[in-house]
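*Asks:* just the structure for this:
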Amino acid sequence: MKKLLLLGLAFIYGITVFAQTSNITANIGAIGILKTTAGDGMLPANDIVQNIALSKDLSIFYNFIKSSNLIETYKSKGPITIFAPANQAFEALPTDIVDSLAKPNHVWELTGILTYHAIAGKLKAKDIEKQINGHKGLATFTTLGGSKLTAKIDSNRNIVLEDDNGGKSIINRFDVEQSNGMLHIVNRVLMPKVKSI
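*Replies:* Next up, the predicted model:
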């Protein structure tokens, strides 16, 4: 009887653990945790553009850099810190937005979005965290496009970037060394405020 009771308890425990694992997986999908392969194969001796071209998980970002004529900027001596959205981040956008950004008549809008993902200087994750802690939990950075980007640390100890519109993006992979800066992989595309002319 004892063995039967123990088997029953083990079975119930197994179901409970499986259910919790399923919930964890569902939650991870909901908050958009990326595959960690984005950035694999990059070499510290390469510049930002050379390395982004090597990563198949950053192919959309790379194609947009070529379309926006930012190749020379991102190949420059810098240093530059890039928050590179992986393909999944672009795929999460409405299809019509991604399609319109690929068109030549939207090159300035595309350039504005891409430069919103870059800041001057070489910042490692610990540097970003230090600035957050030194500014009462919220650090503000000026992007290459001239807009503001804020960073904070959430309850799960993630560094979260917030754009002008309140959109949030988590840094999923940190400190990918580049010859002319630093690259971090983010799980959402950040959007600057549209400036009225």
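*Asks:* any stretches of this structure with poor pLDDT?
*Replies:* Counting by pLDDT under 70, the chain contains low-confidence residues at 1-38, 195-197.
*Asks:* what domains does the record give for it?
*Replies:* Following automatic domain parsing, one gets these domains for the chain: 1-31, 35-186.
*Asks:* got CSV for the ones you listed, with mean neighbour count too?
*Replies:* Every C-beta, even on glycine, is put in place using the N, C-alpha and C of the backbone. Output for the domains of the chain, formatted as CSV (neighbours: other CB atoms under 10 Å):
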stretch, mean neighbour count
domain 1-31, 9
domain 35-186, 17
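*Asks:* redo the ones you listed as TSV? Include distance to residue 192.
*Replies:* Compiled in TSV, those are given as follows (distance: least, CB to CB, whole Å):
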stretch	distance to residue 192
domain 1-31	23
domain 35-186	4
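*Asks:* list the helices and strands the biggest strand by length in the chain packs on?
*Replies:* Ranked by residue count and defined by DSSP state E, the top strand of the chain is strand 168-178. The contact analysis (3 or more CB pairs under 8 Å, 6 or more residues apart in numbering; DSSP states H and E) places strand 168-178 against helix 48-54, strand 80-85, helix 125-134, strand 159-162, strand 181-186.
*Asks:* now the angle from it to strand 181-186?
*Replies:* Calculated by axes from the mean of the first three to the mean of the last three CA atoms, to 10 degrees, strand 168-178 forms an angle of 150 degrees with strand 181-186.
*Asks:* picking that back up, I'd like to know which of the domains of the chain is closest to residue 193.
*Replies:* Counting by CB to CB, residue 193 lies closest to domain 35-186 out of the domains of the chain; the figure is 4.0 Å.
*Asks:* can you map out the helices along this structure?
*Replies:* For the chain, the helices defined by DSSP state H occupy 2-31, 48-54, 59-67, 71-75, 87-91, 95-101, 107-115, 125-134.
*Asks:* which strands or helices does the last one pack on?
*Replies:* In terms of contacts (3+ CB pairs under 8 Å, 6+ apart), helix 125-134 is packed against strand 139-142, strand 148-153, strand 159-162, strand 168-178.
*Asks:* of all those strands, which lies closest to residue 87?
*Replies:* The closest approach between residue 87 and any of the helices and strands packed on helix 125-134, judged by CB to CB, belongs to strand 168-178 at 12.7 Å.
*Asks:* nearest residue to residue 175 other than its sequence neighbours?
*Replies:* Excluding the flanking residues, the one nearest residue 175 by CB to CB, 6 or more residues apart in numbering is residue 124, at 5.1 Å.
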